[in-house]
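Q: coords please:
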Amino acid sequence: MDFSEYTLISLGDSFTFGQDTIPDPKKLPGEESSTFGRRWKNGCNKLSYTARITERMEFKYNVNFGIMGSNNDNSLTILESFLRNNLGMKIFVLFNFTSAGRMTNLFQVSGQKIYHKENLVPHHAVRVKKFKSYGISSKDIANYYTLWNNSMQEVYNHIGYRRRLEHILSFYKTPYISFDIANNTDYRINRDNPLRYVGPQHQFNIDGYAFNDIYADDRFNFPEFDYMKSYIDNVINRVPPLPNHITMSDMDGSRNLIEWLALKGISDANDKDNYYAKNGKGTGSHWTEDGHIIVTDIMQKKINERYN
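A: All right, here's what the predicted structure looks like:
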């Protein structure tokens, strides 16, 4: 497939952004913070897997929508908006599924009719002081992730993100590959089969009339929990969740690309951190420039398998 007229758009989190490929960025004397931020972003983007794929596959342009701390809902919203506003443009998508526990929320500023959009990362959110301006405490956030956004909710959300990507790309007839960098939900589904822990649909009783929250009608085939069951059955039976997804089999059994690259570091240099950036705190959680080059190999292989 000739990609020379295609714009590559890449969506995801800090790994997509290329964070820590420039491990210790410093402001220039007199440099404005906004100027420094753009310079650092551009520098990291140029060393990321997105830029490498653009060069190797000879895409016309690329747009890196990697956002530090982002989530799948945010990435899907950006993707749909970009495709809807650029009809007629030839577009190829790289989609990085991040942890299903992350989410986007709109918070109301205390005492005002103003709402701010925030991307929540579970282990970061409990330490973010700015939530106080919304009248939300660290305990509130911790309770939210304990009581409401539990592991089963993550599975439910994960399935929805997969299906939503499939529907968006099908509607706009857009070629793509997708992959899991930090996300390991399919691995957990395969290990635990979450349907074992899901009870029957809750029966509501209002004014003496009991009814189920799935409308029952013998004329139609509409199995209970089909939304989850059909997806979980595919994962357990090794059917790819999306046709162009980099699967655990593609990653030699690894649950995601983070684990795959750590094992690659062991095989190449006897060091699981070989492709992870060093910063002032030691080995960080993000990849080096060389790490992005290695990951580009597996992405390029999938593109060639599906489109060449």
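Q: I'd guess Val63 is in a strand, am I close?
A: Yes - secondary structure of Val63 (DSSP: H, G, I helix; E, B strand; the rest coil): part of a strand.
Q: where in the protein is pLDDT low?
A: Residues of the chain that meet the criterion pLDDT under 70 lie in 104-105, 107-108, 110, 116-134, 144-149, 198-218, 220-224, 279-284.
Q: residues in contact with the closest residue to Pro241 other than its chain neighbours?
A: In space, not counting the residues next to it along the chain, Pro241 is nearest to Arg162; the distance is 5.1 Å by CB to CB, 6 or more residues apart in numbering. Every C-beta, even on glycine, is put in place using the N, C-alpha and C of the backbone. Residues counted as contacts of Arg162 (CB atoms under 8 Å, 6 or more residues apart in numbering) are 97, 231, 241-242.
Q: redo these as a markdown table? Include neighbour count and distance to Asn308.
A: Below are those laid out as a markdown table (neighbours: other CB atoms under 10 Å; distance: CB to CB, whole Å):
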| residue | neighbour count | distance to Asn308 |
| --- | --- | --- |
| Phe97 | 29 | 24 |
| Tyr231 | 21 | 29 |
| Pro241 | 21 | 22 |
| Leu242 | 18 | 19 |
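Q: quick one: which two of these are the most distant?
A: Greatest spatial distance in the contacts of Arg162: Phe97 and Tyr231, 13.5 Å, computed using CB to CB.
Q: now do the helices in the protein.
A: Secondary structure of the chain, counting by DSSP state H: helices at 14-17, 33-46, 49-57, 72-85, 122-125, 138-143, 151-171, 185-192, 226-236, 257-269, 289-307.
Q: let me know which of these is tucked in deepest.
A: helix 14-17 (a mean of 24; mean count of other CB atoms under 10 Å).
Q: how far does that one sit from the chain's center?
A: Chain-centre distance of helix 14-17: 10 Å, with CA atoms, centre = their mean, to the nearest Å.
Q: and what of stretch 183-203?
A: 20 Å.
Q: please report how far Ser178 lies from Leu242.
A: 5 Å (CB to CB, to the nearest Å).
Q: for those two, list the residues in contact with both.
A: Common contacts of Ser178 and Leu242, defined by CB under 8 Å, 6+ apart, comprise Leu165.
Q: follow-up on the earlier one: any chance of the helices of the chain in TSV, plus distance to Val93?
A: Listed next are the helices of the chain as TSV, based on distance: least, CB to CB, whole Å:
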stretch	distance to Val93
helix 14-17	12
helix 33-46	16
helix 49-57	11
helix 72-85	7
helix 122-125	26
helix 138-143	32
helix 151-171	7
helix 185-192	19
helix 226-236	21
helix 257-269	17
helix 289-307	11
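Q: quick one on the thing from earlier: name the nearest of the contacts of Arg162 relative to Lys173.
A: Leu242 (15.2 Å).
Q: I figured the closest one hits Ser170, correct?
A: No - counting by CB atoms under 8 Å, Leu242 does not reach Ser170; the two are 10.4 Å apart.
Q: circling back to that earlier point, what's the closest of the helices of the chain to Ser4?
A: Closest among these, using CB to CB: helix 49-57, at 9.3 Å.
Q: roughly how far is that closest one from the heart of the chain?
A: 19 Å.
Q: and the contacts of it?
A: 3, 8, 10, 16, 18, 45, 59, 61-62, 64, 66, 94, 292-293, 295-296, 299-300, 303.
Q: just want the angle from that helix to helix 289-307.
A: Angle of helix 49-57 versus helix 289-307, following axes from the mean of the first three to the mean of the last three CA atoms, to 10 degrees, is 50 degrees.
Q: got the angle for helix 49-57 vs helix 33-46?
A: 50 degrees.
Q: alright, I will stop here.
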